[in-house]
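Asker: Just to be clear, the model below is a prediction. Sequence and coordinates:
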Amino acid sequence: MQSNETILKVNHLKINFNTYAGTVKAIRDVSFDLKKGETLAIVGESGSGKTVTTRSIMGLLANNAVVEGGSIQFHGKDVLKMSQKDLEGLRGAKIAQIFQDPMTSLDPTMRIGRQIAEPLMVHRGVKKEKAMSQALEMMKLVGITDAENRINDYPHQFSGGMRQRIVIAIALINYPEILIADEPTTALDVTIQAQILNLMRELQDKISTSIIFITHDLGVVAGMADRVAVMYAGKIVEYGTVDEIFYNPKHPYTWGLLSSMPTLDTHSEELASIPGTPPDLLDPPKGDAFAPRNPYALKIDTEKQPPFFKVSNTHYAATWLLHPDAPQVTPPKQIIERQKKFAEMQREAAAKNQHHQIEEEEEQQ
Amino acid sequence: MELDNAKKVLEVRHLKQYFNVGKRDEVKAVDDISFDIYEGETFGLVGESGSGKTTTGRAIIHLYRPTSGSIKFNGQEIIGLKDHQKMQQFRRDMQMIFQDPYASLNPRMKVKDIVAEGIDINHLAKSDADRSKQVADLLATVGLNRDHASRYPHEFSGGQRQRIGIARALAVQPKFIIADEPISALDVSIQAQVVNLLKKLQRERKLTYLFIAHDLSMVKYISDRIGVMHYGRMLEVGTSDEVYNHPLHDYTRSLLSAVPVPDPEFERTRTQIKYDPKYEDGSKKRELVEIVPHHFVQCSQDEIPMYRERAEKMGLSVKELG
């Protein structure tokens, strides 16, 4: 399912927005890559830049956005330099997007069969009849019951969960190489959310698309992602495999996020919370943007932005705490519990196969 | 909490809230629910959208005129209450915090006037200076400062606005607060701040909360007892530990099995339980029955043995039949 072939590479992306109040530095040097067949989750608070990042991949930035630097390589071509015409060939064909709100992302005046078939007709030049029969297949695939009779219904005749299935059907009809899912289940109830997430996992197996999954819900990330990138104030602060981020997080912001979410077992009198609010990106702070909210902040955090420090081959974190000269700090209690579990998992994995690389990682613990 | 000796502040009996009564599109938003809320506790109401949890809250605080049933607050029947003074006292004692901090504050009013509106209506301030002082105290209580009083809502972030909404609710010294999804519009890191604030206020002011939310982990964390709603009916009521650790109704089990947990290992092995609403069809009369002490399940007479057996299998001591 997953391979090592990189299909998308984002390099040092910087995006500003010109507003009447000044220049908002929304994306401040973001780099990541996406491998074929994997799910990369981007997590972060509102305003951290996760949506802007993916909109730039789709070439859907607002008029007041200025790409200040960087590139987005897709099959060796820079998406940021493509003409409108090339972008139109990309959107909905090679890269598709599922938006957050299924209530507003469908055309209320168009029958759903037609909406699902449209990308086929536009991008592949498929004749209407054939496109409609493929649309019907897709409706069945995404689990719309009684598809034959409902193909000519309008969006308002469907529930929220069913509408999101229709949106997914539209996004997947051209078997895109990349699917960008921007908070696809945030507007849905938990039971419906679980169905939609299962559906996305199944479909990913079937058509081996890569997914960029944007969300603020760490529970959803734990179930969906292969790799996770944590964003804060326009930067990626930590990235790694899903196990590395959830069981061996290194950045204090990731610690804060993980411990401020109660699980069904949380009993403590007070939730760990991250004090304060995110910084104003009109005038981003000089050093680490998280420093003012970070109880573990060092003096250097207010002066110099931390580079990425390597934790493992797949795991990097931008915090001065990982510098060899940094003082040893004790993470929050919940994080220590998670790290214990990580150490245990690593021991089990090491016991299973005597691969030397895993032993090396354990030594680092 | 010791439930046997606790004082009931709110008693809801057979509450029905229908819309468009008698018309073709009649909606039974809340259909015959009964529950109690004890003094000083947090009662969590969970359910999916359309389950009637918000309508229940709004019917209790009298934003709607309930179709039928009884709501007693401190022993006083609220439905059909004609006495103006008693009604005003009730409106002081019970306050609400709304879901959307962007829509629930009047954009053309300054923060001090938003917070002091209840003070003015109830004539709680002796002078202008007293009013300003009360507003400043309230803002300090919710973690804002007095400079914020002369600003407008749009100058605040979501978390700060929700704090303003909380200050407004506290202004009239209520005893009971209905919080309708107070954190779902906020970011994760801010949610914890607001939840901690609500818990702190509850300790300091001995408040009773009705906490309505769809985020099950947060409800579990904040609530002492929980009611699970579906299709306008209350399916299960119990202490939050009981309901989460030993769910008896199939719907509760299905709902809990769908909650995403920030633990990849758990997520990899999770199985979702499908729900078949056969225990809710209209053919039988069903009411809440106490299966385990203080743990109620909606069932018909002939379903009781099944739930008792289910509880026994979980190692619970079922309530004596009597």
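Answerer: Cool, the structure landed.
Asker: shaky segments in the stretch 201-322 of chain B?
Answerer: Filtered on pLDDT under 70, the stretch 201-322 of chain B yields the residue ranges B:322.
Asker: Write out the residues of it neighbouring chain A.
Answerer: B:214, B:216-218, B:220-221, B:244, B:254-268, B:270, B:272, B:275 (C-beta under 8 Å from any C-beta of the partner chain). (Glycine included, C-beta is placed from N, CA and C.)
Asker: Would you check that B:Ile212 makes contact with B:Gly57?
Answerer: Yes: using C-beta atoms under 8 Å, B:Ile212 is in contact with B:Gly57, at 5.2 Å.
Asker: who's more crowded, these two?
Answerer: A direct count of neighbours by other C-beta atoms under 10 Å in any protein chain shown for B:Ile212 and B:Gly57 places B:Ile212 higher, at 27 against 20.
Asker: residue ranges of the helices in the stretch 101-250 of chain B, please?
Answerer: Here the stretch 101-250 of chain B has its helices, by DSSP state H, counting those that start in this stretch, at B:111-121, B:128-141, B:158-170, B:188-205, B:216-222, B:240-245, B:250-257.
Asker: So which of those helices is nearest B:Tyr18?
Answerer: Closest to B:Tyr18 of those, according to C-beta to C-beta: helix B:250-257, at 22.0 Å.
Asker: tell me which strands and helices that closest one is in contact with?
Answerer: helix A:190-207, strand B:225-230, strand B:233-239 (3 or more C-beta pairs under 8 Å, 6 or more residues apart in numbering or on different chains; DSSP states H and E).
Asker: list the contacts for the closest residue to chain A within chain B?
Answerer: When scored by C-beta to the nearest C-beta, chain B has B:Pro260 as its residue closest to chain A, at 2.9 Å. Shown in contact with B:Pro260 (C-beta atoms under 8 Å, 6 or more residues apart in numbering or on different chains): A:Val190, A:Gln193, A:Ala194, A:Leu197, A:Asp217, A:Gly219, A:Val220, A:Ala222, A:Gly223, B:Glu267.
Asker: and which of these is nearest B:Gly44?
Answerer: Comparing these against B:Gly44 with C-beta to C-beta places A:Val190 closest, at 14.6 Å.
Asker: who's in contact with A:Pro284?
Answerer: A:Lys25, A:Arg28, A:Ala233, A:Gly234.
Asker: Ok, A:Gly234 next?
Answerer: By C-beta under 8 Å, 6+ apart, the contact list for A:Gly234 reads A:Lys25, A:Ala26, A:Ile27, A:Arg28, A:Val30, A:Ser48, A:Gly49, A:Leu281, A:Pro284, A:Ala289.
Asker: B:Arg268 too?
Answerer: Residues near B:Arg268 by C-beta under 8 Å, 6+ apart: A:Gly223.
Asker: which stretches of the stretch 1-150 of chain A aren't confidently modelled?
Answerer: Across the stretch 1-150 of chain A, residues meeting the criterion (pLDDT under 70) sit at A:1-3.
Asker: Can you get me a residue count around the closest residue to chain B within it?
Answerer: Residue nearest to chain B within the stretch 1-150 of chain A: A:Glu45 (4.2 Å; C-beta to the nearest C-beta). For A:Glu45, the count of nearby residues is 21 (other C-beta under 10 Å).
Asker: Find the residue closest to it in space, skipping its chain neighbours.
Answerer: Excluding the flanking residues, the one nearest A:Glu45 by C-beta to C-beta, 6 or more residues apart in numbering or on different chains is B:Asp187, at 4.2 Å.
Asker: From B:Ile291, how far out is the one you found?
Answerer: 39 Å (C-beta to C-beta, to the nearest Å).
Asker: try B:Gly52
Answerer: 23 Å.
Asker: Look at the residue nearest to A:Ile15 when sequence neighbours are not counted and give its secondary structure.
Answerer: Ranked by C-beta to C-beta, 6+ apart and with sequence neighbours excluded, the top spatial neighbour of A:Ile15 is A:Ile27, at 4.0 Å. With DSSP: H, G, I helix; E, B strand; the rest coil as the basis, A:Ile27 sits in strand.
Asker: what helices or strands is the host helix or strand of B:Phe296 leaning on?
Answerer: Assigned by DSSP states H and E, B:Phe296 belongs to strand B:295-299. Applying 3+ C-beta pairs under 8 Å, 6+ apart, one finds that strand B:295-299 contacts strand B:233-239, strand B:287-292, helix B:304-313.
Asker: Just the angle for the first one relative to helix B:304-313, thanks.
Answerer: Spelled out, it's strand B:233-239. With axes from the mean of the first three to the mean of the last three C-alpha atoms, to 10 degrees defining the directions, strand B:233-239 sits at 30 degrees from helix B:304-313.
Asker: ok, now how distant is the residue lying closest to A:Phe99 once chain neighbours are set aside from A:Ile42?
Answerer: Using C-beta to C-beta, 6+ apart and skipping the chain neighbours, the partner closest in space to A:Phe99 is A:Ser105 (4.2 Å). Separation of A:Ser105 from A:Ile42 (C-beta to C-beta) stands at 19 Å.
Asker: Same check on A:Asn64?
Answerer: 23 Å.
Asker: ok, the residue nearest to A:Glu45 - contacts?
Answerer: A:Glu45, A:Ser46, A:His216, B:Gly158, B:Gly159.
Asker: so is the residue in the stretch 101-250 of chain A that chain B sits nearest to in a helix, a strand, or just coil?
Answerer: Nearest residue of the stretch 101-250 of chain A to chain B, counting by C-beta to the nearest C-beta: A:Gly219, 2.9 Å away. What three-state DSSP gives for A:Gly219 is helix.
Asker: re earlier: any chance of CSV for the helices of the stretch 101-250 of chain B, columns mean neighbour count?
Answerer: Converted to CSV, those look like this (neighbours: other C-beta atoms under 10 Å in any protein chain shown):
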stretch, mean neighbour count
helix B:111-121, 19
helix B:128-141, 16
helix B:158-170, 24
helix B:188-205, 19
helix B:216-222, 23
helix B:240-245, 20
helix B:250-257, 21
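Asker: Quick one: closest of those helices to A:Pro295.
Answerer: It is, among those and with distance given as C-beta to C-beta, helix B:188-205, at 13.0 Å.
Asker: tally of neighbours for B:Thr67?
Answerer: As a burial measure, B:Thr67 scores 18 neighbours (other C-beta under 10 Å).
Asker: hey, what's A:Thr23 bridged with?
Answerer: A:Asn18 (DSSP bridges).
Asker: Show the contacting residues for A:Pro306.
Answerer: A:Pro306 sits next to A:Asp288, A:Ile300, A:Ala318, A:Thr319, A:Trp320, A:His323 when contact means C-beta under 8 Å, 6+ apart.
Asker: Of these, keep whichever come out buried.
Answerer: A:Asp288, A:Ile300, A:Ala318, A:Thr319, A:Trp320 (16 or more other C-beta atoms under 10 Å in any protein chain shown).
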